[in-house]
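In: Next come a sequence and a model predicted from it.
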Amino acid sequence: MLRHWISKKINYLKNLFTQLVLKERSPHKLAASLAVGVYIAFSPFLFCHTIMVFAFSWMFSLNLPAVFVGACVNNPWTLIPCSLAAYGVGDFFLKTVCRLDPLALNPSWMSFLNGPLFKVTGIKGLSFWSFMVGGNLLGLLAGAMLYPILKHIFSRLGVQKYQGAKKAMMEDHENSCAEQKGVPRLRHPRQTGSRDRIDRR
């Protein structure tokens, strides 16, 4: 059952990528659009993702459906893992690289959230800046790593599409030539009319 579901999702993604390649001629634009969409997926501005999809597509002249597909990496099923990954990266970056205490950087209003959180779960507190820094940093890293891979894939798919279209054109040309050889050539109406006049004379 699980294997069937995974194969079904893989086929769906393949068909989706194929449709995107057929509609978009530039592998660079398509790869950049998906990379920007992945950045939006990890962006800490959770309630602005849809606005960011339209805004980034308009500002950078990107492929809107491709940006939307990339942003769909963050969905109701992956929201918690993406948020935890972003928070972990931000917390590690602030503590290890910047040597800062993320909790000390919290704005004052975070105490209203961390107080009940500590009573319910026992967690000391969450850092606002760990989530903000980690979401942007993880999104940039994921987009930068995916861009060259996606560009290579879409370039190969584009070449295959071009070769397939060229092969189809050649087959159509050969079929038309074969039909022309099998069918007698029609005379021009003026030529047939002139010959009829001569025969009548």
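Out: Cool, got the structure. Residues are numbered from 1 along each chain as shown.

In: so where's the protein shaky on pLDDT?
Out: Along the chain, segments meeting pLDDT under 70 span 1-2, 9, 13-14, 16-22, 24, 116-123, 158-201.

In: The chain: helices as residue ranges?
Out: 2-23, 27-42, 49-59, 64-71, 79-92, 111-121, 128-182, 189-200 (DSSP state H).

In: Chain neighbours aside, what residue packs nearest to residue 144?
Out: residue 35 (7.3 Å; Cβ to Cβ, 6 or more residues apart in numbering). In this view, the C-beta of every residue, glycine as well, is placed from N, C-alpha and C.

In: right, I mislabeled it, should have said residue 87
Out: residue 131 (5.0 Å).

In: got a list of what the one you found touches?
Out: The contact partners of residue 131, by Cβ atoms under 8 Å, 6 or more residues apart in numbering, come to 44, 83, 86, 87, 90.

In: Relative to residue 6, how far out is the second one?
Out: Right, the one you point to is residue 83. Using Cβ to Cβ, to the nearest Å, one gets 24 Å for the distance from residue 83 to residue 6.

In: And the first one, by the same measure?
Out: With distances defined as Cβ to Cβ, the gap from residue 44 to residue 6 amounts to 30 Å.

In: Could you check which of the two is surrounded by more residues?
Out: residue 44 (21 against 10; other Cβ atoms under 10 Å).

In: so what's the more buried one closest to, chain neighbours aside?
Out: Nearest residue to residue 44, sequence neighbours excluded (Cβ to Cβ, 6+ apart): residue 135, at 3.3 Å.

In: Return the backbone torsion pair for residue 106.
Out: The phi/psi pair for residue 106 (degrees, to the nearest 10) reads phi -60, psi 140.

In: residue contacts, the nearest residue to it once chain neighbours are set aside?
Out: Excluding the flanking residues, the one nearest residue 106 by Cβ to Cβ, 6+ apart is residue 128, at 5.3 Å. Contacts here follow Cβ under 8 Å, 6+ apart; on that basis residue 128 touches 105, 106, 107, 110.

In: 7 Å - rerun?
Out: Contacts for residue 128 (Cβ atoms under 7 Å, 6 or more residues apart in numbering) come out as 106, 107, 110.

In: Hmm, residue 127 and the first one touching each other?
Out: Yes - in terms of Cβ atoms under 7 Å, residue 106 counts as a neighbour of residue 127; the distance is 6.1 Å.

In: So which of these two has more stuff around it?
Out: residue 127 (23 against 18).

In: That one and residue 102 touch, don't they?
Out: Yes - Residue 127 is within contact range of residue 102, at 3.4 Å (criterion: Cβ under 7 Å).

In: Kindly tell me how buried the residue nearest to residue 144 is, as a neighbour count.
Out: By other Cβ under 10 Å, neighbour count at residue 35 equals 26.
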